[in-house]
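> below is the sequence, then the predicted model.
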Amino acid sequence: STTMREPGQNVTFYIEVKNTGAGDAKNITITDDATPFEHIGNVSVVSGDCTVNKSGDGNITTFWINDNGTFNAYKTCIFKYLMKVPANTPDGTYTNNASLSYQDLNNTEFSKSAGTDVLVTINLFPDVEKIANDTSLQPGDRVNFTINVRNYGSATMTNGTVTDTLPPGFRCLNASGITNGINCSCVNDTTAICNLTDLVGNTISNPLSMWVEAKVNGSATEGSNENNVSLNGTRPDGLPINRTTEAKVFVNEPKPQLEIYKWTDTIKATPNSTVIYYILVKNTGDGDVYNLTINDTMDFGSITSYSTIPNGCADCNTSTKSCNISHLSSAGQCQIKLIALINENATDGTHNNTVNVSGFMKGGTEINKTKLNDTE
C-alpha cells in the first residue's frame, strides 16, 4: 500500500495471482518472506472468486489458494495481508519476496516469483546547504556564507550541530545564527560551529539559518576551493544522523608588478650643493599593491624637501629618507621629487644611492624592488 514506512508502523501488502492460460491449476502455494517485517492479522480477499488461507504469523508465512484445490483458467485472485515493521528496524530498503508454486492437472510443477520494496526510515530527512555571497574572490576579500538546514520529513531531529570547515587560507572572522536560538562561534581560524534548536518536521520554506564570515588570506589556493559543512543530530530513536555538503568558491590573486626608476639631472655635485633626485614607482601588473615603503640609502647627503606627482601620492619623512605609498592601483604610478643637500665633508668619488621599495599584495604577500643610482 506504500513504499515507505517508519519503524513501528504497519504496512499492507497485496498479492495478485492470475491464471492467464487455458488450463486449470491446482495446489497453489505462495511463500511470502518479508524479513524483518512480521505478519500480523488475517488475510482477506480483495477481488476474485477464490479463498486464501494463511499458515500463521512471523517473518515468513505461507498462503494457499482455494485450499490447494483447482484454480480455473483465466481467473484472477487478489488478496491483502498486514505486516508490522518492528520498532528496532534500521533505516533501509527491504524487499518482500513472494514465491509461487503450482501444478497443472497432469501434476507438472511450475514456479514464479515477484517482489516489492519498502523503504523504512524514521521519516527524518534533514538537508544542509551552504551559499556564498561571492564565489569569485581575491586574497584580502571577505566572504559571507549562509547555511540553511531543512527537514523534509515529519520527525524531529534534536541535538543538531553544524560544523563549517573553511578551505586552507580562509580565516573565520565571525559566525552567528540568523534563526532565533541558534548559537554560533568561530572555534578556531578555520572552523565555525553552530548549535541548533530542534529541527522539527517539515522545516522547508523557513529553514534554520546561520552565517559565517571569513577572510581570504594570501595563502589561499588559487582556483576552486571547497568549503565543507556537516550537520549532525539525533533521531527520535536515539541514533545519530548526519549530512554533509560543500560550497565552492574560486580564488584568483591578481599580481602587481613594480617598476622602479631613479635618476638625477646632476651628474656631478660638490659638497654643500643641491642635487635633485626623481623616483618613479609604477605598477604594471593587474593587481593592486598596498603600504609601499620606499627607503633611500643616500649616505652622502640629507633630504631637505620633496614633492609628488600626482600630488599626495606619497608621504615622505625627510629625516629617515623614506616615503610611503598607501595604495598603488593596477596601472598606477607615483613620482617623487627629492631635493638633497650634499654633505660638507662628502668625499670625492662616485657614491651609490640605492632605493629599496617593498609593499604587500591584497592578501598580504610581500613584494619588493631595488633600484641603484650613482652620483659623482
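Received, thanks. Numbers count the residues shown, from 1 in each chain.
> from here on, just use CA atoms for contacts and neighbour counts.
Will do.
> which residues in the stretch 1-150 of the chain form strands?
4-5, 10-18, 25-33, 38-47, 52-54, 60-65, 70-71, 76-84, 92-104, 109-120, 126-132, 136-137, 142-151 (DSSP state E, counting those that start in this stretch).
> helix or strand right after the last one?
Right, strand 142-151. strand 158-165 (DSSP states H and E).
> which among the strands of the stretch 1-150 of the chain is found nearest to Ala214?
Ala214 sits nearest to strand 142-151 of all these, at 5.4 Å, using C-alpha to C-alpha.
> what angle do the closest one and strand 158-165 make?
Interaxial angle of strand 142-151 relative to strand 158-165 (axes from the mean of the first three to the mean of the last three C-alpha atoms, to 10 degrees): 150 degrees.
> parallel or antiparallel, list what pairs with strand 142-151.
strand 126-132 (antiparallel), strand 203-216 (antiparallel) (DSSP bridges).
> just the CA atoms of the last one, as PDB, please.
C-alpha atoms of strand 203-216 as PDB (Å, rounded to 0.1, in the frame of the first residue of the first chain):
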ATOM      1  CA  THR A 203      11.000  22.700   8.200                       C
ATOM      2  CA  ILE A 204      11.300  23.600   4.500                       C
ATOM      3  CA  SER A 205      10.300  27.200   3.500                       C
ATOM      4  CA  ASN A 206      11.700  28.700   6.700                       C
ATOM      5  CA  PRO A 207      14.900  26.700   7.300                       C
ATOM      6  CA  LEU A 208      17.200  27.100  10.300                       C
ATOM      7  CA  SER A 209      19.700  29.600   9.100                       C
ATOM      8  CA  MET A 210      23.100  30.900  10.100                       C
ATOM      9  CA  TRP A 211      26.000  32.800   8.600                       C
ATOM     10  CA  VAL A 212      29.800  32.600   8.700                       C
ATOM     11  CA  GLU A 213      32.100  35.400   7.700                       C
ATOM     12  CA  ALA A 214      35.600  34.600   6.500                       C
ATOM     13  CA  LYS A 215      38.600  36.400   5.100                       C
ATOM     14  CA  VAL A 216      40.700  35.100   2.200                       C
END
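> can you name the residues in contact with whichever helix or strand comes after that strand?
Later in the chain than strand 203-216, the nearest helix or strand by DSSP H and E is strand 223-234. The contact list for strand 223-234 (C-alpha atoms under 8 Å, 6 or more residues apart in numbering) reads 128, 130, 157-167, 240-252.
> just the buried ones from those?
Neighbour-count burial (16 or more other C-alpha atoms under 10 Å) is assigned, among the contacts of strand 223-234, to 128, 130, 157-158, 160-167, 241-244, 246-251.
> poorly predicted segments of the chain, please.
1-2, 371-376 (pLDDT under 70).
> how about 50 then?
Where the chain drops to pLDDT under 50, the residues are 374-376.
> and Asp138, how many neighbours does it have?
You called it Asp, but residue 138 is Gln. 20 (other C-alpha atoms under 10 Å).
> so it is in contact with Lys255, correct?
No - using C-alpha atoms under 8 Å, Gln138 is not in contact with Lys255; the gap is 10.4 Å.
> contact partners for Asp67?
Counted by C-alpha under 8 Å, 6+ apart, Asp67 has contacts 27, 51-53.
> related to what we said a few turns ago, same list (the strands paired with strand 142-151) but as CSV, adding distance to Ala314.
Shown next, in CSV, are the strands paired with strand 142-151 (distance: least, C-alpha to C-alpha, whole Å):
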stretch, distance to Ala314
strand 126-132, 37
strand 203-216, 28
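> those strands: which one's closest to Val275?
strand 203-216 (45.2 Å).
> buried sites along that closest one?
Within strand 203-216, the residues scored as buried using 16+ other C-alpha under 10 Å are 203-204, 207-216.
> what do you get for stretch 184-204?
184-186, 189-204.
> now do stretch 265-283
Here stretch 265-283 shows 270, 274-283 as buried, counting by 16+ other C-alpha under 10 Å.
> including distance to Phe71 and secondary structure, could the residues you listed go into JSON lines?
JSON lines is the format used below for those (distance: C-alpha to C-alpha, whole Å; DSSP: H, G, I helix; E, B strand; the rest coil):
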{"residue": "Thr270", "distance to Phe71": "127", "secondary structure": "coil"}
{"residue": "Thr274", "distance to Phe71": "123", "secondary structure": "strand"}
{"residue": "Val275", "distance to Phe71": "120", "secondary structure": "strand"}
{"residue": "Ile276", "distance to Phe71": "117", "secondary structure": "strand"}
{"residue": "Tyr277", "distance to Phe71": "113", "secondary structure": "strand"}
{"residue": "Tyr278", "distance to Phe71": "110", "secondary structure": "strand"}
{"residue": "Ile279", "distance to Phe71": "107", "secondary structure": "strand"}
{"residue": "Leu280", "distance to Phe71": "104", "secondary structure": "strand"}
{"residue": "Val281", "distance to Phe71": "100", "secondary structure": "strand"}
{"residue": "Lys282", "distance to Phe71": "98", "secondary structure": "strand"}
{"residue": "Asn283", "distance to Phe71": "94", "secondary structure": "strand"}
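> in CSV: those, plus distance to Thr320.
Converted to CSV, the buried residues of stretch 265-283 look like this (distance: C-alpha to C-alpha, whole Å):
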residue, distance to Thr320
Thr270, 23
Thr274, 18
Val275, 18
Ile276, 17
Tyr277, 16
Tyr278, 17
Ile279, 16
Leu280, 19
Val281, 19
Lys282, 22
Asn283, 24
